[in-house]
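**Student:** Following is a predicted model, sequence given first.
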Amino acid sequence: MRRRALLVAVGSAALAGCLDREPNGDSSGTAPDDGSNGTDDSANPDDEPPLIASTDLAGECPPYPDEYVVWYDAVVAHERDIADFEVVLEPDPETVERGETIAFELANRSETRFATNFYNWRLHKRVDGEWFDIAPQEYPEPLMSIDPGGTHTWRLTVAEDAVADGEPVDRSGETGTEELSVAALGGGQYAFRARGWFEDSYEDGTYAFGATFDVDAPTLSITPTNAIVDTRREDDTLVAESDRGDPEDGQFAAYELRRVGEAGSNGEFPADEDVTRLITEQVLRNNQLRDAIALTIEYDVDTVRIEEHTGVTPVFGSNSDGYYEIDGTLYEVTTEAIDGATIDLSSR
C-alpha cells in the first residue's frame, strides 16, 4: 500500500485523524457530511486524496499546528487487528500509576522509510477540555528514521518524586529517545505524540502520531522549593531569599509576582491573548514561578518578590515577564537585575 492509501485507511477504521490543516492549507476539524469520508472514487488514483477527519474525535487531539494528526482511538482499535495499519503509534497499557511505565510503539509497516527525531516526542495534559504542553522543554535535533518494517518504542515512566518535600522537579529523564522518566505528573488524561514524514516527501507534509493515556495518581499541589532560605515583609510585599545561583558567576536579580485578581472579573486586565494559562504540572517546572505562587498562598499576600543569583541573560529568561492565569487567578510577573547587591548566605 502506498503512503497516500494510509490516510484513507486511517480515516475509516481504528485510527482517526484530527485535522490541523488540509493539503491546501485550509483549517478544518470535521469530515465532509456527504457520507464520502473525504474520498473520491472517480479521482485519479495517483492524486493525493483529501485528508480524513473524524467528527467523533474532533477537539480531542492536542493542537499540533501544521501537521496531519493521526490519532490512536483505543475504543475502536480494540475491535480491529492493529497490524492492519501501516503506520501507527500504540500505547501499552492505557492507564499507569506513579512508578509504573507505559510503552509507545511507533510501527512503520509501509514500504517507505519514515524520517523522524526520536528526541522530539511530546507530552500534553488535558484539563477542563484544554491541552497543556508538559514535556520536554528542550531537545536535540538529529535526523533519525524508521526503516520499512521497523519500529521504535519509547518507555515513559511516571516517576516517583519529592515535590511535596520541596525538591525541584527532576527533568533529566525528559531528554531521551527510549527510556523516559517524567516526574510531577498528577492524575488525569495525557497525550503522547511522535512526529515525522515519509522520506523524500517532506514538502507533502509532516505527520503527528498520537495516543492518549490516563495517569492514576493524586492531584498535585503547588508547594515551595527548599531553595527559599528566608522571608521578610517590606510594606505589602513578601520578600523571599533563595540560595539558587552562584554569587561568583551570576547576576543578582529580583523575580516579582503580583496577584492582579480573579480571571474574567471586571477591571483593567490584559486581553486574553496576552495571558498565558498554566496548570500545576507546568508551574512546578518553573522554580521561581512555583515559589512565588506557593508563597502568595502560604502567606496570603498579593505580591511576592524572590531575590537570587541567576546566570541567565536576560535575568530569568526573556519569556518570564507577563501575565499568567493559574487556577482561576491572574498574576503579573516582572523581573529586574539588581546592581551591586548579593545575598549573604554564610550564616544561614
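**Tutor:** Perfect, thanks for sending it.

**Student:** can you give me the helices for the chain?
**Tutor:** Ranges of helices in the chain, per DSSP state H, are 3-12, 74-77, 280-283, 287-299.

**Student:** Tell me, how many residues neighbour the residue lying closest to Val96 once chain neighbours are set aside?
**Tutor:** Distances taken as Cβ to Cβ, 6 or more residues apart in numbering place Ile102 nearest to Val96, at 4.7 Å, with adjacent residues excluded. Every residue, glycine included, has its C-beta placed from N, CA and C. With neighbours defined by other Cβ atoms under 10 Å, the count for Ile102 comes to 22.

**Student:** Any idea how many residues pack against Asp216?
**Tutor:** Applying other Cβ under 10 Å, we find 12 other residues in the vicinity of Asp216.

**Student:** in the sheet, who's paired with it?
**Tutor:** According to DSSP bridges, the partner residues bridging Asp216 are Glu97.

**Student:** follow-up on the earlier one: state the distance from the residue nearest to Val96 to Ile297.
**Tutor:** Using Cβ to Cβ, to the nearest Å, Ile102 is found at 32 Å from Ile297.

**Student:** Pull the residues that contact stretch 315-330.
**Tutor:** Defining contact as Cβ atoms under 8 Å, 6 or more residues apart in numbering, one finds that stretch 315-330 is touched by 222, 251, 253, 255, 259-263, 269-270, 274-280, 283, 288-289, 293, 310, 331-337.

**Student:** Now for Ala164, how many residues are close by?
**Tutor:** Neighbouring residues of Ala164 were enumerated by other Cβ under 10 Å; the total is 10.

**Student:** Now do the contacts for it.
**Tutor:** With the criterion set at Cβ under 8 Å, 6+ apart, Ala164 makes contact with 221, 223.

**Student:** Which pLDDT value goes with it?
**Tutor:** With respect to pLDDT, Ala164 has a value of 88.

**Student:** same check, this time on Asp204
**Tutor:** In the predicted model, Asp204 carries a pLDDT score of 82.

**Student:** Nearest to the spatial middle of the chain, which residue is it?
**Tutor:** Ranked by distance to the mean C-alpha position of the chain (Cα atoms, centre = their mean), the top residue is Asp133 at 1.9 Å.

**Student:** what number of residues lie near Gly129?
**Tutor:** Using other Cβ under 10 Å, the number of residues around Gly129 comes to 7.
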